[in-house]
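Trainee: Pasting a predicted model and its sequence here:
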Amino acid sequence: MPTIEHQGARIPEWKEGAALAAAKVRVKAFLAKHTPARVDIAPTEEKNMQPRVVVLCLGVLCAHYAVAQPAAKAKSDAQGWPDRPIRIVVPFPPGGSSDFAARILSQHLQKALNQNIVIDNRGGAGGNIGSEIVARAAPDGYSFLITAEGPITISPSLYQKLAYSPARDLVAITPVITYSNVVVAHPSMPSTMKELIARAKAQPGKLSYAHPGIGTNVHLASELLKLMTGTNIVGVSYKGGGPAVASVVANETQISLATAPSVMPHVKAGRIRALAVTTGKRSAILPDLPTIAESGVPGYAVGGSVLFLAPSKTPQKVIARVYEESAKILKMREVIDAIAAGGSEPGGAPPAETQRLVREESAMWEKLIKTLGVKLD
């Protein structure tokens with residue numbers, strides 16, 4: 001290729017094509033507009049101007065690219081999500097209701113988003129450790145939390161030194177599953193909720209109930225029931241829901257509140273009795289069981305849920321997309337059946353409604369915890 005001299009350097013001579021000719025015309029127009037003195041390019045000099053024309057063209061293009069790139073990148077960031085694997089933290093060990101909800105949802109959600117989803121079990125401190133991890137995560141749409149409601153609605157009132165604020169640091173997207181606890185009693189106890197309450201009133205301090213730990217949903221729901229019925233039933237703490245139910249089977253305690261899957265095998269075998277459900281309406285899983293409210297305690301309604309949450313400043317369009325896909329998944333027949341087999345019902349409430357329910361439950365638990373004087377730190 002022929003070369004020309006340019007400031008002591010030998011530069012390949014460019015052959016003019018249509019694109020270069022057009023570029024030269026644009027540069028001449030630019031110079032004519034922005035140069036105070038007239039600039040003429042003689043035909044004999046034009047050939048040697050070709051490399052400089054190319055340099056000027058590149059400069060103009062680079063300047064344009066520098067201005068356009070941020071806008072293009074913002075558009076790409078918005079439209080390209082997700083472009084890498086997503087992490088869902090479950091703040092409990094594998095095998096529980098939160099883990100179950102996360103896995104059944106993520107199985108379908110990763111197909112809908114065309115991106116891998118990694119379940120990260122981070123148990124400890126009643127779910128607070130894993131919840132804090134997501135509360136402190138970058139709000140970029142790649143970190144989410146699926147958890148039972150305890151670390152979100154109960155922990156802020158139980159722990160004075162909680163390292164995160166659910167109201168400030170997390171945003172609820174939707175419940176993945178909802179469930180009702182079942183009031184169960186030893187066969188030696190009355191066969192209806194009304195009669196059990198009457199027995200407890202007649203024998204204050206004589207009956208006991210089992211719960212899986214201070215500050216758990218079951219413990220607080222049981223204490224609320226005592227307050228609303230004016231009964232004195234002694235609480236006994238066990239290390240988990242399984243041992244608590246086993247204590248009722250063995251008649252070590254007489255009453256407990258527990259999830260349907262943990263009690264129904266014992267109910268069917270006649271080892272314990274199911275008396276009522278704790279939610280405000282009857283459970284689709286156990287439609288023949290009355291609610292506690294129907295059984296003479298108007299206004300009593302305590303349910304449970306596993307929530308899907310994100311860091312609070314996660315882009316709204318990411319939240320909207322995640323909710324849209326999750327709501328579709330939770331209406332799939334195979335998902336509904338799998339959740340029912342686990343003793344729960346599918347969630348799917350919109351973000352605004354979910355956030356309202358979280359605020360209401362948080363306020364309810366805060367009031368009760370203050371009344372009971374319970375603190376865990």
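Mentor: Good, I have the coordinates.
Trainee: Run through the residues that contact N116.
Mentor: Applying CB atoms under 8 Å, 6 or more residues apart in numbering to N116 gives the contacts 85-86, 110. In short, each C-beta sits where N, CA and C put it, glycine included.
Trainee: do that again at 10 Å, thanks
Mentor: 82, 84-87, 106, 110 (CB atoms under 10 Å, 6 or more residues apart in numbering).
Trainee: List buried residues within those.
Mentor: Buried by 16 or more other CB atoms under 10 Å: 82, 86-87, 106, 110, out of the contacts of N116.
Trainee: Just the ones in helices from those residues, please.
Mentor: Among those, DSSP state H puts 106, 110 in helices.
Trainee: can you put the buried ones among the contacts of N116 in JSON lines and add distance to A338?
Mentor: Output for the buried ones among the contacts of N116, formatted as JSON lines (distance: CB to CB, whole Å):
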{"residue": "P82", "distance to A338": "25"}
{"residue": "I86", "distance to A338": "21"}
{"residue": "R87", "distance to A338": "23"}
{"residue": "S106", "distance to A338": "13"}
{"residue": "Q110", "distance to A338": "16"}
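Trainee: would you list every one of the helices in this protein?
Mentor: Here the chain has its helices, by DSSP H, at 18-34, 43-80, 97-113, 128-135, 155-158, 166-169, 193-202, 217-229, 241-249, 260-268, 316-329, 333-341, 351-372.
Trainee: mean pLDDT for these: which is lowest?
Mentor: Among these, helix 43-80 carries the lowest mean pLDDT, at a mean of 46.
Trainee: that older thread, and the two most separated of the buried ones among the contacts of N116?
Mentor: P82 and S106 (12.6 Å; CB to CB).
Trainee: Residues that sit against both of these two, list them.
Mentor: 113, 116-117.
Trainee: Present these as TSV; the columns should include distance to T279.
Mentor: As requested, these are exported to TSV (distance: CB to CB, whole Å):
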residue	distance to T279
L113	32
N116	36
I117	30
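Trainee: domain assignment for this protein?
Mentor: Here the domain parsing of the chain from automatic domain parsing is 3-80, 89-377.
Trainee: Need the winner for burial among these.
Mentor: Per-stretch averages of neighbours, counted by mean count of other CB atoms under 10 Å, single out domain 89-377 among the domains of the chain, with a mean of 19.
Trainee: Tell me the span between the first and last residue of it.
Mentor: Terminal residues of domain 89-377 lie 24 Å apart, using CA to CA, to the nearest Å.
Trainee: Repeat that for stretch 265-281.
Mentor: 23 Å.
Trainee: for this structure, what's the longest strand?
Mentor: The residue-count maximum for a strand in the chain (DSSP state E) belongs to strand 170-185.
Trainee: which neighbours does that one have in its sheet, and in what orientation?
Mentor: With DSSP bridges as the test, strand 170-185 is paired with strand 255-259 (antiparallel), strand 273-277 (antiparallel), strand 303-311 (antiparallel), strand 345-346 (antiparallel).
Trainee: will you turn those into TSV that also has distance to T371 and mean pLDDT?
Mentor: Converted to TSV, those look like this (distance: least, CB to CB, whole Å; pLDDT from 0 to 100):
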stretch	distance to T371	mean pLDDT
strand 255-259	19	95
strand 273-277	23	97
strand 303-311	20	97
strand 345-346	30	96
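Trainee: Include distance to L225 when you put those into CSV, please.
Mentor: CSV is the format used below for the strands paired with strand 170-185 (distance: least, CB to CB, whole Å):
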stretch, distance to L225
strand 255-259, 8
strand 273-277, 10
strand 303-311, 14
strand 345-346, 22
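Trainee: Nearest approach to I154 belongs to which of those?
Mentor: Using CB to CB as the measure, strand 303-311 is the one of these that comes nearest I154, at 11.1 Å.
Trainee: CA atoms only for that closest one - export them in CSV, please.
Mentor: Taking Å, rounded to 0.1, in the frame of the first residue of the first chain, the C-alpha atoms of strand 303-311 are listed here in CSV:
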residue,chain,number,x,y,z
GLY,A,303,-52.3,-17.1,59.3
GLY,A,304,-48.9,-17.8,57.9
SER,A,305,-47.1,-17.1,54.7
VAL,A,306,-43.8,-17.5,52.9
LEU,A,307,-42.9,-14.1,51.3
PHE,A,308,-40.9,-13.2,48.2
LEU,A,309,-38.9,-10.0,48.8
ALA,A,310,-36.1,-7.9,47.3
PRO,A,311,-33.7,-5.2,48.5
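Trainee: That strand to helix 128-135, inter-axis angle?
Mentor: Interaxial angle of strand 303-311 relative to helix 128-135 (axes from the mean of the first three to the mean of the last three CA atoms, to 10 degrees): 40 degrees.
Trainee: Run the chain-centre distance for strand 303-311.
Mentor: 6 Å (CA atoms, centre = their mean, to the nearest Å).
Trainee: ok so, going back, wait, which of the strands paired with strand 170-185 is closest to F144?
Mentor: It is, among the strands paired with strand 170-185 and with distance given as CB to CB, strand 303-311, at 5.2 Å.
Trainee: tell me the two of the contacts of N116 that are most distant?
Mentor: For these, the farthest-apart pair by CB to CB is R84 and S106; their separation is 15.3 Å.
Trainee: For the residue lying closest to G240 once chain neighbours are set aside, give me the pLDDT.
Mentor: Sequence neighbours aside, P212 is the residue nearest to G240 in space, at 5.1 Å (criterion: CB to CB, 6 or more residues apart in numbering). P212 carries a pLDDT score of 94 in this model.
Trainee: how far away is P212 from G150?
Mentor: From P212 over to G150 the distance is 11 Å, taken as CB to CB, to the nearest Å.
Trainee: next one: I272
Mentor: Per CB to CB, I272 is found 25 Å from G150.
Trainee: again, but for S208
Mentor: Distance from S208 to G150, by CB to CB: 23 Å.
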